[in-house]
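Peer 1: Can you look at this prediction? I've put the sequence above it.
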Amino acid sequence: MIHVVNGPNLNLLGRREPEIYGTRTLKEICEELEETAFCNSVQISFFQSNHEGEIIDYLQKLKAEDAVILNAGGLAHTSVSLRDCIAAIDAEVVEVHISNITARETFRQSSLLSPVCKGVIMGLGTDVYRVALEWLIERE
């Protein structure tokens, strides 16, 4: 199973700072990913929360054979607890960022999560989700 997990404020995609995050909604992104997963006979699930603890609880329930596409939003830059959770679980995690965080404000330029993730995809707009999904499908 591939889990697409989105953190705080990603439910506002399409409305929030479209010059940075684009105009596609989270629902539209999920629909595209669902179609890609279906065409490749892969199970996919979606989870979004504005609450750090809910994201951690969700990730802790995953199995070793699961994979995660994680856009933690601002938590990527601030959450030691989420970083520790990713390090502790057996599921493979690919971190995604819609924008190129290394070209953003200083406080966004590094991710606490990247060192404990399998890989990081950033700066390709909302296509980062599709690229991550295709990469995980090819690895199966």
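Peer 2: Ah, there it is.

Peer 1: Mind pulling the model confidence for Phe107?
Peer 2: Phe107 is assigned 87 on the pLDDT scale.

Peer 1: What is the distance between the helix or strand bottoming out on mean pLDDT in the chain and the centre of its chain?
Peer 2: When the helices and strands of the chain are scored by mean pLDDT, DSSP states H and E, helix 18-21 comes last with a mean of 91. Relative to its chain's centre, helix 18-21 lies at 17 Å (Cα atoms, centre = their mean, to the nearest Å).

Peer 1: Stretch 119-132 now?
Peer 2: Stretch 119-132 has its C-alpha centroid displaced from the chain centroid by 9 Å (Cα atoms, centre = their mean).

Peer 1: repeat for stretch 97-108
Peer 2: The chain centroid and the centroid of stretch 97-108 are separated by 15 Å under Cα atoms, centre = their mean.

Peer 1: Same question for stretch 21-28.
Peer 2: Mean-position distance between stretch 21-28 and its chain equals 14 Å (Cα atoms, centre = their mean).

Peer 1: Same question for stretch 94-105.
Peer 2: Mean C-alpha position of stretch 94-105 versus that of the full chain (Cα atoms, centre = their mean) differs by 11 Å.

Peer 1: do the same with stretch 28-35
Peer 2: Worked out by Cα atoms, centre = their mean, stretch 28-35 lies 14 Å from the chain centre.

Peer 1: What are the buried residues along that stretch?
Peer 2: Going by neighbour count (16 or more other Cβ atoms under 10 Å), the buried part of stretch 28-35 is Ile29, Cys30, Glu32, Leu33. From N, CA and C alone the C-beta is placed, and that goes for glycine too.

Peer 1: what residues are up against the third one?
Peer 2: With contact taken as Cβ atoms under 8 Å, 6 or more residues apart in numbering, Glu32 is in contact with Tyr129, Arg130.

Peer 1: switch to numbering from 153
Peer 2: Okay, using 153 as the starting number, the last item reads as Glu184.
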